[in-house]
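# no sequence for this one, just the structure:
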């Protein structure tokens, strides 16, 4: 994935690695440590931006510009690194992907009640060398 999008966001690999759960998240979120409210996602991205300059390709200006946290969040959603999720009335998790609702996380739209999760396919890579036990963050009985 990094090779595919690095021209649009050169710091992508560094950004993705930093999206791994922090020590605080390990302590406070046992099962849903890869799940964030929109506000939590924005705070996480802002914290990352304090350590690295994230530039993103702007089609209108045809150049790389410093990205704000909204742009970074929307980009992560667009490339499938994060997905929307919401529990329905029966408690099952419903997911929405970018191709189904590309407008979500746009500045003027918001989240429509969804939370955000790091896609399960990437959790193992983020857990590289840690005692994460990321497999425990998935419960197939919760899935639709």
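Arrived safely. The shown structure was predicted, so the numbers you read here are calculated from the model rather than taken from an experiment.
# wasn't residue 86 part of a strand?
Yes. Counting by DSSP: H, G, I helix; E, B strand; the rest coil, residue 86 falls inside a strand.
# who touches it in this structure?
Going by Cβ atoms under 8 Å, 6 or more residues apart in numbering, residue 86 touches 93-94, 96, 113-115. No exception for glycine: its C-beta is placed from N, CA and C like everyone else's.
# now do 6 Å
Shown in contact with residue 86 (Cβ atoms under 6 Å, 6 or more residues apart in numbering): 94, 114.
# now it: how far from residue 38?
From residue 86 across to residue 38, the span is 12 Å (Cβ to Cβ, to the nearest Å).
# may I ask which helix or strand encompasses residue 113?
Counting by DSSP states H and E, there is no helix or strand that carries residue 113.
# oh sorry, the question was meant for residue 47
With DSSP H and E as criterion, residue 47 is part of helix 38-49.
# mind listing the strands the following helix or strand past that helix pairs with, and their directions?
Per DSSP H and E, the first helix or strand lying C-terminal to helix 38-49 is strand 55-58. Strand 55-58 pairs in its sheet with strand 63-66 (antiparallel), by DSSP bridges.
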